[in-house]
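Enquirer: Return atomic coordinates for the entry below.
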Amino acid sequence: LPLLAGEPPRPATGTVDPGVILVADHATPQLAANAAAGKRLRFPAGRTYIVNDLVIPAGCYVEGNGSILRTADASTTDSSDDGILRVGGDGVTIDGLKFDGNSRNQGGVWNQHRHQVRVHGNYSNILIKGCDFSNIIGDGVYVNVGSGGNTGHSIEIRDCTFTAANDNRNGVSVTSGTNVHVHHNTFTNMARPDMPGAIDIERNSVTDVIADILVEYNTITRAALSGTGSRYGILAAMFNCVGTNIVFRNNDISGAGLSAACLIIGDSSGTFNASTVTVTANDFHDAGGAGVELNYGIRPDITDNRFTNLSPAILNYLSVLGDTSGNTFTNVARQIA
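Expert: All right, here's what the predicted structure looks like:
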């Protein structure tokens, strides 16, 4: 009898997308991330991973699917500058992850540099969206692109929630960057006393550049807090620095635990600070202090805002008022002090 030809291979019952790397197929999330440069890194739904400094390579789109990345117990006793997740190249998207800083199980020791997402380096086209940040120790998102900067390209943080118990450093911190867009996020009870607040724009070194920062459509609330210390919703600190085109608009900021809803600082040396800052169309209400506080020789424009249940609406300390047209005042004892 003639030999029968071998059976052809059976058709696959499913297909494997070579552009998707499954975390579940690797021993650790980092091994999966290493294979995901220029690809999609897909976490399974609802899993919890204990990680530290998970590096995401360039061109990677992280699909979080609600999985949790968590800081280990008792792991913040040194001064390391790290995070749960670190962006490691251009063109990275972080979508739908939950970050748990595990602040309650650190033996009473905190480190202000233990962040949840670090964008630390000359990286561009970074998007962080739909993520949840809780039990934060340092910052929820820390942005420091250095003096080289991400000029002409964007870093965007949107549609995220940031929740703490008045015991973290910041929600979002930008120490250097250009074309940074922070919008449609919710911040609740951000920052221990004497740390800045929900959103902090404040450079680290004299070579850092801060320009084209847009903060809009965020909701910031902070409950009453006993004790001393200053606490803010949005802060722009231009110490020995000229920031360019910094805009805070259409934000809703309130809470008795806020020393001021918005703080803008120039140079305490007495030199006029030429930073261009615009505060417009925000809703500042029911804060423990002023709606907008100005310190030390800075001249922002404060226009078309709604000030409600504040004392005062605008606190001007050794600074200069720019355009203040279009503001409305309700139940405000003093409009400008």
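Enquirer: can you give me the helices for this protein?
Expert: 29-34 (DSSP state H).
Enquirer: In it, which strand is the longest?
Expert: strand 170-183 (DSSP state E).
Enquirer: was I right about Phe99 contacting Arg118?
Expert: No - taking contacts as C-beta atoms under 8 Å, Phe99 lies outside contact range of Arg118: 11.4 Å. C-beta here means a position set from N, CA and C on the backbone, and glycine is covered the same way.
Enquirer: Looking only at neighbour counts, state which of those two leads.
Expert: Of the pair Phe99 and Arg118, Phe99 is the one with more neighbours under other C-beta atoms under 10 Å, namely 28 against 23.
Enquirer: returning to what we had before: name the residues contacting each of Phe99 and Arg118.
Expert: Here Phe99 and Arg118 share the contacting residues Leu85, scored by C-beta atoms under 8 Å, 6 or more residues apart in numbering.
Enquirer: Could you list the low-confidence segments of the chain?
Expert: 1-16, 78-80, 108-110, 147-153, 225-228 (pLDDT under 70).
Enquirer: Could you list the residues in contact with stretch 211-219?
Expert: Under C-beta under 8 Å, 6+ apart, the answer for stretch 211-219 is 174, 177-187, 198-199, 201, 234, 243-253.
Enquirer: just the buried members of those residues?
Expert: Buried members of the contacts of stretch 211-219, scored by 16 or more other C-beta atoms under 10 Å, are 174, 177-183, 185-187, 198-199, 201, 234, 243, 246-253.
Enquirer: need the contact list for the residue lying closest to Thr308 once chain neighbours are set aside.
Expert: When the adjacent residues along the chain are set aside, Thr308 lies closest to His285, with 3.8 Å between them (C-beta to C-beta, 6 or more residues apart in numbering). Under the criterion of C-beta under 8 Å, 6+ apart, the neighbours of His285 are 252-254, 261, 291, 306-310.
Enquirer: which one of these has the most neighbours?
Expert: Ala261 (35 neighbours).
Enquirer: wouldn't Pro312 be in contact with Ala287 here?
Expert: No - taking C-beta under 8 Å as the definition, Pro312 is not a contact partner of Ala287, at 10.8 Å.
Enquirer: separation between Asn309 and Ala287?
Expert: 8 Å (C-beta to C-beta, to the nearest Å).
Enquirer: next one: Asp132
Expert: Taken as C-beta to C-beta, the span from Asp132 to Ala287 is 25 Å.
Enquirer: Can you pick out the residue with more neighbours from those two?
Expert: Ala287 (28 against 19).
Enquirer: does that one have beta-bridge partners, and which?
Expert: Gly255 (DSSP bridges).
Enquirer: Pretty sure it sits against Leu263.
Expert: No - in this structure Ala287 lies outside contact range of Leu263 using C-beta under 8 Å: 11.0 Å.
Enquirer: Surely Ala224 touches Gly257?
Expert: Yes - the pair Ala224 / Gly257 is scored as a contact, 5.1 Å apart, by C-beta under 8 Å.
Enquirer: Have a look at the two and say which one is more surrounded.
Expert: Gly257 (21 against 10).
Enquirer: ok, so what distance separates the more buried one from Asp200?
Expert: 16 Å.
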